[in-house]
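Undergrad: give me coordinates for this.
(one chain, ligands or ions: 1)
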Amino acid sequence: MQQSYNLKSYNTFGIDASATYLEPFSSIDTLEKLLKKYEGKALLVIGGGSNILLTAPFDGLVLHNCMKGIELIEEDETSYLVRAGAGENWHEFVLHCIENNWAGLENLSLIPGSVGASPMQNIGAYGVEIKDVFHTLEAYHISSGEIHHFNHAQCQFAYRESVFKRALKGQYIILNVTFKLSKIAQLKTTYGAIKEALQDNGITQPTIKDVSNAVIAIRQSKLPDPKVLGNAGSFFKNPVIDRSQFEQLQKEFAQMPHYDVSDTEVKLAAGWLIENAGLKGFRKGNCGVHQKQALVLVNYGGSTGQEILELSNNIIENIQAKYGISLEREVNIIPSNESIIQLA
Ligand code: EPU
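TA: Okay, the predicted model is just below:
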C-alpha cells in the first residue's frame with residue numbers, strides 16, 4: 001500500500017487530510033531535484049498553511065517551502081532593503097524588523113503564515129498592506145526552471161489579490177521577498193482600535209514596538225489562536241459593491257460599517273453582514289462561526305474540510321438572500337482545479 005502523509009500540522013485549520021507525497025525544500029537545488037523526481041504529479045506548494053482549506057486527500061506532491069534567511073541588502077539615508085526567504089515565519093520576521101528598528105511592518109504583526117505567502121494575497125491589517133512596503137521578489141518559474149524577478153507593478157497588487165492568484169496562478173514558486181522599510185517611522189495609528197489601545201496604556205509618543213504590541217493585543221482579543229482553535233483568519237473578503245446598491249441597503253441597515261473605495265464603489269464589512277444575519281457564534285457539528293469575529297470560521301476539533309466548506313456555502317447563501325451580496329472566499333479551497341499545479 002502507498003504510504004501517505006498527514007497534513008494536520010501543515011494547515012492552521014488543523015484539518016486531518018493526507019497527501020501522497022510531502023517534501024520540504026530549503027534550496028533551489030533541492031527544489032529542482034524534487035520537481036524532477038515527482039514529474040507528472042499534481043503539485044501543491046505550502047508555506048505556513050494559514051490560508052488553505054483541505055477538503056479531500058491530496059493525490060500528489062505537497063512541497064513545503066522552507067527557504068530561510070533574513071538579510072539587509074542595501075540602505076540609504078531614509079530606507080532599508082531587507083530580503084527574507086519565503087519560508088520564514090511572517091510574525092518572527094516582523095519582530096526581527098522591529099528589533100532592528102526597520103519600520104513599516106508593525107501593523108502587520110501576528111498574522112499567521114509565511115513570508116512567501118504575503119505577496120500572493122497582498123496580506124493586510126490595520127490600514128497597511130504588503131503593497132505599501134513591497135520592493136521586489138524572486139520566484140521560480142516551474143515550466144522553464146528560470147528564476148524571474150518581479151517588481152511592484154508586475155505583482156499587480158489589489159485588495160487581497162496579486163498576479164500570482166490570477167494570471168500567473170500555479171506558475172511560480174516564490175523564493176524570497178524584498179521589502180523597503182523605513183528609517184523614519186511613519187506610524188499608522190488612525191485605525192480606531194490602535195489609538196485606543198495606545199491611549200489605554202498611556203502611550204503618547206509610540207514607537208514601532210508600541211504599535212506592534214497594540215496590534216498584537218487587538219488581534220489576540222478578537223482572533224482565535226490557530227494553535228488553540230483551528231482557523232485561517234478571515235474566511236471571506238470584505239465585499240466591494242456599487243454605490244447605488246449601498247445606498248439602497250443603507251436605508252434598511254443604517255448602522256452598516258462602510259468604507260469608500262472610489263466615487264462609484266463602497267467596501268462593506270463582511271463580519272458585520274454575517275453578525276447582523278444572526279450567524280455570529282453559529283455552530284454546526286465540529287465547526288462554526290467564531291464568537292468574537294464573524295468573518296472567521298473555526299474548527300472546534302475533528303471537523304473535516306468538507307464540513308467547513310458546506311458551512312461557508314450556507315453563509316454565502318444567507319448573505320445573498322438577506323442583502324443581495326455575493327461573498328467571495330479569501331481562503332483557498334484545496335483540491336480545486338485551479339489551485340493544483342499540474343507538472344508537465
Ligand atoms: N464587525 C462586526 N462583527 C464582526 C466582525 C466585524 O460587526 O463579527 C464590524 C466591526 O465592528 C468593524 C468592521 O466590521 O466595524 C470591521 O471589522 P474588523 O476591524 O474586525 O476587520 P475586518 O474587516 O473584519 C479585516 C481583514 C483582517 C484584518 C482586519 C484589521 C479582510 C478580509 N480581513 O477584517 O484580516 O486583520 O481587517 O485590519 O480584509 C485576514 O485577512 O485573515 C485578516 C484577519
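
Undergrad: get me the contact residues on this structure for the ligand.
TA: Applying C-beta under 6 Å from any ligand atom, one finds that the chain approaches the ligand through 125-126, 233-234, 237-238, 257, 269, 271-272, 275, 280, 293-295, 330. No exception for glycine: its C-beta is placed from N, CA and C like everyone else's.

Undergrad: just these: which are in helices?
TA: 271-272, 275 (DSSP state H).

Undergrad: would JSON lines of the residues you listed with distance to Met120 be doable?
TA: Output for these, formatted as JSON lines (distance: C-beta to C-beta, whole Å):
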{"residue": "Gly271", "distance to Met120": "22"}
{"residue": "Trp272", "distance to Met120": "26"}
{"residue": "Glu275", "distance to Met120": "28"}
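
Undergrad: quick one: which of those is nearest to the ligand?
TA: Gly271 (2.5 Å; C-beta to the nearest ligand atom).

Undergrad: returning to that earlier point: make a ChimeraX selection of the buried ones in the residues of the chain next to the ligand.
TA: In ChimeraX syntax, the buried subset of these is picked out as below (16 or more other C-beta atoms under 10 Å):
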select :125,126,233,234,237,238,269,271,272,275,280,293,294,295,330
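
Undergrad: please compute how far the longest helix along the chain lies from its chain's middle.
TA: Longest helix in the chain by number of residues (criterion: DSSP H): helix 305-323. Averaged C-alpha coordinates place helix 305-323 at 20 Å from its chain's average position (C-alpha atoms, centre = their mean, to the nearest Å).

Undergrad: can you list contacts of it?
TA: With C-beta atoms under 8 Å, 6 or more residues apart in numbering as the test, helix 305-323 has contacts from 13, 15, 17, 53-56, 235-236, 249, 253, 270, 273-274, 277, 279, 284-289, 297, 299, 325-327, 329, 333-334.

Undergrad: just to revisit the earlier point, looking at the residues of the chain next to the ligand, spot the one nearest Ser26.
TA: Gly233 (25.6 Å; C-beta to C-beta).

Undergrad: please, where are all the helices along the stretch 101-250 of the chain?
TA: Along the stretch 101-250 of the chain, the stretches classed as helices by DSSP state H, counting those that start in this stretch are 117-120, 152-155, 192-200, 208-222, 243-252.

Undergrad: mind giving me the domain split of the protein?
TA: 2-66+335-342, 70-222, 236-328 (automatic domain parsing).

Undergrad: where does pLDDT dip in the stretch 1-150 of the chain?
TA: For the stretch 1-150 of the chain, the stretches with pLDDT under 70 are 1-2.

Undergrad: let's see which of the contacts of helix 305-323 end up in helices.
TA: 249, 270, 273-274.

Undergrad: nearest to the ligand: which residue in the stretch 101-250 of the chain?
TA: Closest point on the stretch 101-250 of the chain to the ligand, by C-beta to the nearest ligand atom, is Gly233, at 2.4 Å.

Undergrad: residues contacting that residue?
TA: 50-51, 111-112, 223, 296, 330-331.

Undergrad: dump the strand of greatest length in the chain to PDB, keeping only the CA atoms.
TA: Secondary structure of the chain per DSSP state E: the longest strand is strand 172-182. Coordinates of the C-alpha atoms in strand 172-182 are reproduced here as PDB (Å, rounded to 0.1, in the frame of the first residue of the first chain):
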ATOM      1  CA  TYR A 172       5.600  30.200  -9.900                       C
ATOM      2  CA  ILE A 173       7.100  29.300  -6.500                       C
ATOM      3  CA  ILE A 174       8.100  32.400  -4.600                       C
ATOM      4  CA  LEU A 175      11.700  32.100  -3.200                       C
ATOM      5  CA  ASN A 176      12.200  35.300  -1.400                       C
ATOM      6  CA  VAL A 177      10.700  38.800  -0.900                       C
ATOM      7  CA  THR A 178      12.500  42.100  -0.500                       C
ATOM      8  CA  PHE A 179      10.800  44.800   1.500                       C
ATOM      9  CA  LYS A 180      11.500  48.500   1.500                       C
ATOM     10  CA  LEU A 181      11.400  49.500   5.200                       C
ATOM     11  CA  SER A 182      11.900  53.000   6.700                       C
END
